[in-house]
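*Asks:* After the sequence you'll find the predicted model.
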Amino acid sequence: IIRDTKGTPEGASVAATFLISAGVDVIIGPLFNTSVRSVAPLIRSTSIPMIVFSNDITVAGEGIHVFGFTPEQEVGRIVSFAKTEGKLCRLAMVPDSAYGQAVSRAFVERRDQAGASKIVATFSSDGSDIAAVVQELAAEHAVDGARAPLECILIASGGDQLRGIATRL
């Protein structure tokens, strides 16, 4: 039985209520942690397990199972890949969101770059200040009037926003 959550907590509640009343054995979805949190009390009052495709592990437990890549896994894979390419990843650009905070924390706490200082630059989730953040980073990494390229920048973004950041960099 397929039900659209409309990508909202309210839509997730309507969908979950319908599915429970329909007698389903398992619920797959929703995607967003806010939607998962909104239906968690309802799901936990039943014996129906729910598998969610989220990157937020904190929503798991008591019948709710997370099936997704966590920020820690994403950061680990990216930084490990950079290392195999001989690059030291010392800078992360993250949005000012819960996801950005999780990526930032995972990046800073990663222990495979002993002695390397790490910088986290935060930009507005709506992308309105990306140009200013990139200009500030460029100014901070200039050496004797010349640009000193960074070997690796971990950017926690995607789609049009990532293209906008890449263009400015």
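*Replies:* Arrived safely, thanks for sending.
*Asks:* Give me the residues contacting the top strand by length along the chain.
*Replies:* Criterion DSSP state E: the longest strand present in the chain is strand 89-95. Outside of strand 89-95, the residues that reach it under the criterion C-beta atoms under 8 Å, 6 or more residues apart in numbering are 75, 78-79, 82-83, 100-101, 103-104, 107, 113, 116-125, 133, 137, 150-157, 165. To be clear about C-beta, it is placed using only N, CA and C from the backbone, and glycine gets the same treatment.
*Asks:* Inside helices: which ones of the residues you listed?
*Replies:* By the criterion of DSSP state H, membership of the contacts of strand 89-95 in helices covers 75, 78-79, 82-83, 100-101, 103-104, 107, 133, 137, 165.
*Asks:* residue contacts, the residue sitting nearest the centre point of the chain?
*Replies:* Compute the mean C-alpha point of the chain, and by C-alpha atoms, centre = their mean the closest residue is Tyr99, 4.0 Å away. With contact taken as C-beta under 8 Å, 6+ apart, Tyr99 is in contact with Asn55, Asp56, Pro71, Ala156.
*Asks:* Excluding chain neighbours, what is closest to the second one?
*Replies:* Beyond its immediate neighbours in the sequence, the residue positioned closest to Asp56 (C-beta to C-beta, 6 or more residues apart in numbering) is Asn33, lying 3.9 Å away.
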